[in-house]
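Student: Sharing a model that was predicted from the sequence below.
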Amino acid sequence: MAQAEQAVGGAEMGHDDVTVDVRREPGSRAVLEVEIPAAAVATGVDRALRKINNRVVVPGFRKGKAPRGMLERHVGRETVIDEAVSLLVPDAYTKALNQTGVRPIARPEIEVSELEEGKPLRFTATVDLVPEVQLGDYRAIRVPYTAPEVSEAEVDAAIEDLRTRHGTLVPSERPAGQGDFVLVRVAELSAPVERFAQGKEYLIEVGGGTYPAEVERTLAGATIGSRPAAAVGEQTVTFEVVDVKRRELPAVDDSFARDLKAQDLADLRRQQRERLGQERAQAAREAHEEAVLAALLEASRIELPASLVEHELEHLLADLTDALQRRGLTYQRYLEATGKDDAAVREEFRPPAERRLRTQLALEEVARAESLEPTAEEIDREVENVARRLQQDVPRVREWLSQTGRLTSLTGTLRRQKALAHLVALARGEHA
């Protein structure tokens, strides 16, 4: 270094390239061992001193004019070292990344050795990497697909379900049986019981599965004025039967069909067959896609960095919180209702987070390997769909998507959808 009493100033020295050794570790991590040459360290110390001199007033000297020795004694050697390290390490880290081609996905963990005059400065940077995806022979995946069929028995069941839902409750003169509804008033409670309050009335379907099974079984055979008692856990609830009703079902005929906006019974059956067919086809497509993805992931090797999993986990928990809020609940109330703590929920959500990441990364790699990208028309169409859902003008929505980075995310989703469609076609043997 220059003599102690020399004023701080002068031109900056040029930096030599850093020396880097890279060590790969499991979990898509890398450790970069970086060495900054002694000459570059000296230059960094000079820069640090100049910066400190320009912001610190040393008694007896104008700002920026204090001699080096006086400045070091005034602020302390530790301050100079900290400033020099803060100047040297970020620049050297960037150079190390450029030299090695390492692609981190998060901020590095930096450990710096002690800075000594006249010697190189060494530090290690531990980083999580963009995961490497090894797909295996994804083009050889074969998953047979059979289009589902709808039987007449299934149509009959759908019609019967409609009939049940459009039935009416009428007074019953016989004791309550399976499927009948019993209007009860809570006459006595041996102790507080969840779901039942003293004096309140409840309409309970026998065998409906909505109330505790013991309660519904106890009400089988009930008649108006009777006082059946049911065990609920360790407590006893005594009911007073106010009324018994049975469900009267409409006849399955053209009139019933017209009540449901069909031309006649044949048309109603056609509608139900078509609805069931669409539902079954959608479910079959989704099940087939899941089977193809499972085969893809089984053949692929993807090591996920911990930071990426944690980031995805936060997304899933945020989605859960939003869903709870839409139902008028809080995350804390959810924890109380499920008897779990935050750590347990995180562990429960970790496997789905990891699978979602692996799926996204694998599909991105398929898209890259097959040169699959959404067209401008496909992107425009999806932007229009978003605008329609938000009930906003398309140009305004496009600008919002671009400014928030959501357009990139939307494009990525479309790219992965194309990759999945390509894989499904391969799995069905539709591509050579």
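Tutor: On my side now, so go ahead.

Student: Which parts of the stretch 251-400 of the chain are strands?
Tutor: 301-302 (DSSP state E, counting those that start in this stretch).

Student: what ranges do the helices span in it?
Tutor: 254-259, 265-299, 306-326, 331-338, 342-369, 376-390, 394-404 (DSSP state H, counting those that start in this stretch).

Student: With Asp21 as the reference, name the closest of those helices.
Tutor: Asp21 sits nearest to helix 306-326 of all the helices of the stretch 251-400 of the chain, at 22.5 Å, using C-beta to C-beta. Heads up, the C-betas are built off the backbone N, CA and C, glycines and all.

Student: Mind checking the helices of the stretch 251-400 of the chain for the one nearest to Arg107?
Tutor: helix 306-326 (8.9 Å).

Student: Packing partners of that closest one?
Tutor: Packing partners of helix 306-326 (3 or more C-beta pairs under 8 Å, 6 or more residues apart in numbering; DSSP states H and E): strand 121-128, helix 331-338, helix 342-369.

Student: could the ones you listed go into TSV alongside mean pLDDT, distance to Ala287 and mean neighbour count?
Tutor: Below are the helices and strands packed on helix 306-326 laid out as TSV (pLDDT from 0 to 100; distance: least, C-beta to C-beta, whole Å; neighbours: other C-beta atoms under 10 Å):
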stretch	mean pLDDT	distance to Ala287	mean neighbour count
strand 121-128	90	34	21
helix 331-338	87	28	12
helix 342-369	93	15	16
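
Student: After the helix or strand bottoming out on mean pLDDT in the chain, which helix or strand is next? Please name it.
Tutor: When the helices and strands of the chain are compared on mean pLDDT, DSSP states H and E, helix 68-75 comes out lowest with a mean of 62. Using DSSP states H and E, the helix or strand that follows helix 68-75 in sequence is helix 77-100.

Student: tell me the mean pLDDT for that next one?
Tutor: What helix 77-100 shows for mean pLDDT is 85.

Student: swap in stretch 32-52?
Tutor: Averaging pLDDT residue by residue across stretch 32-52 gives 85.

Student: got the end-to-end distance for stretch 132-142?
Tutor: 24 Å (C-alpha to C-alpha, to the nearest Å).

Student: who does the longest strand seen in the chain pair up with?
Tutor: For the chain, the longest strand by residue count, based on DSSP state E, is strand 235-248. Paired strands of strand 235-248, with direction, are strand 168-171 (antiparallel), strand 181-189 (antiparallel), strand 229-232 (antiparallel) (DSSP bridges).

Student: Distance-wise, check Ala230 relative to Ile141.
Tutor: From Ala230 across to Ile141, the span is 55 Å (C-beta to C-beta, to the nearest Å).

Student: Repeat that for Thr124.
Tutor: In terms of C-beta to C-beta, Thr124 sits 41 Å off from Ile141.

Student: Which strand or helix spans Gln178?
Tutor: Applying DSSP H and E, one finds Gln178 in no helix or strand.

Student: could you list every residue that touches it?
Tutor: Val206, Gly207, Ala220 (C-beta atoms under 8 Å, 6 or more residues apart in numbering).

Student: ok, the residues you listed vs Arg103, which is closest?
Tutor: Using C-beta to C-beta, the contacts of Gln178 come closest to Arg103 at Gly207, 60.9 Å.

Student: Quick check: that closest one is in a helix.
Tutor: No: counting by DSSP: H, G, I helix; E, B strand; the rest coil, Gly207 is located in no helix; its state is coil.

Student: one step back: by mean pLDDT, show me the worst of the helices of the stretch 251-400 of the chain.
Tutor: Looking at the helices of the stretch 251-400 of the chain, the bottom one is helix 331-338 with a mean of 87.

Student: contacting residues around it?
Tutor: With C-beta under 8 Å, 6+ apart, helix 331-338 has contacts from Leu317, Leu320, Thr321, Leu324, Asp341, Asp342, Val345.

Student: How about the fifth one, nearest residue that isn't a chain neighbour?
Tutor: In space, and not counting its chain neighbours, Asp341 is closest to Leu335: 6.3 Å by C-beta to C-beta, 6 or more residues apart in numbering.

Student: The one you found and Ala344: what is the separation?
Tutor: For Leu335 relative to Ala344 (C-beta to C-beta), the value is 9 Å.

Student: export the strands paired with strand 235-248 to TSV and tack on mean pLDDT?
Tutor: Shown next, in TSV, are these (pLDDT from 0 to 100):
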stretch	mean pLDDT
strand 168-171	92
strand 181-189	94
strand 229-232	92
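
Student: looking at the ones you listed, which is buried most?
Tutor: Ranked by mean neighbour count under mean count of other C-beta atoms under 10 Å, the strands paired with strand 235-248 are led by strand 181-189, which reaches a mean of 18.

Student: Show me what that one is in contact with.
Tutor: 169, 176, 196-206, 219, 222, 227, 229, 235-247.

Student: just the buried members of those residues?
Tutor: Buried members of the contacts of strand 181-189, counted by 16 or more other C-beta atoms under 10 Å: 176, 196, 202, 204-206, 219, 222, 237, 239-241, 244-247.

Student: nearest to Asp17, of the strands paired with strand 235-248?
Tutor: strand 229-232 (77.0 Å).

Student: now that closest one, how far from the centre of its chain.
Tutor: Its chain's C-alpha centre and that of strand 229-232 lie 43 Å apart, by C-alpha atoms, centre = their mean, to the nearest Å.

Student: what sits against Gly199?
Tutor: Arg185, Val186.

Student: same question but for His166, I mixed them up
Tutor: His166 neighbours (C-beta under 8 Å, 6+ apart): Leu249, Pro250, Phe256, Asp259, Leu260.

Student: Okay, domains of this protein per the record?
Tutor: 19-130, 168-248, 280-427 (automatic domain parsing).

Student: Let me know which of these is the nearest to Val155.
Tutor: In terms of C-beta to C-beta, the element of the domains of the chain nearest to Val155 is domain 280-427, at 11.9 Å.

Student: any idea how far the residue sitting nearest the centre point of the chain lies from Ala344?
Tutor: Most central in the chain under C-alpha atoms, centre = their mean is Leu316, positioned 3.0 Å from the mean C-alpha point. Noted for Leu316: a distance of 14 Å to Ala344, by C-beta to C-beta.
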